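> A structural model of the following input is requested.
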Amino acid sequence: MAKNQEAETRVLKLTPRSVRTLPAVGGRRTDWRDEIERGLTLRVGADGHRSFAFVYRFAGRVCRYTIDSAEDVSLASARARAKALNRHATSVEAAERLLVLVNELDGHDRLTRGHAER
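Presented below is the predicted three-dimensional model:
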């Protein structure tokens, strides 16, 4: 992730009130991780925009799946979605690995076909 895209991260038990009131620390985008549901993160932008995301690791890299704006989904619903994503995280990672492999094989196959046609 580029330096200018990094967000400060803090951990606490999110509550409906904290979702509405947590600040962007120092005027910079801040990620607030939930102590209750692993992977659930509330991102507060410098402009005050709030969104829920599921943060996970894939191939040694930190990845984010945006759940929805905090204005459009409740904390309980965001936790339920994060819980479901946690249950299927290995399936998501397996699907991503398969997609990467298919793309690599497809590119290799095209190169092989192109070479064979010459």
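> Quick check: which ranges of the protein have low pLDDT?
Within the chain, the stretches with pLDDT under 70 are 1-8, 59, 89-99, 101-118.
> In it, what residue spans correspond to helices?
Secondary structure of the chain (DSSP state H): helices located at 16-21, 75-87, 89-117.
> which residues touch residue 54?
When contacts are counted by Cβ atoms under 8 Å, 6 or more residues apart in numbering, residue 54 touches 39, 40, 41, 64, 65, 67, 81, 82, 85, 86. Glycine gets a C-beta too; all of them are placed from N, C-alpha and C.
> Residue 38 is in contact with the last one, correct?
Yes - with contacts counted by Cβ atoms under 8 Å, residue 86 reaches residue 38, the gap being 5.9 Å.
> list residues touching both of the two?
Shared contacts of residue 86 and residue 38 (Cβ under 8 Å, 6+ apart): none.
> that older thread, format the contacts of residue 54 as CSV; extra columns: neighbour count and distance to residue 58.
Output for the contacts of residue 54, formatted as CSV (neighbours: other Cβ atoms under 10 Å; distance: Cβ to Cβ, whole Å):
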residue, neighbour count, distance to residue 58
39, 18, 12
40, 25, 17
41, 23, 16
64, 16, 11
65, 15, 10
67, 22, 17
81, 18, 18
82, 25, 16
85, 20, 12
86, 16, 14
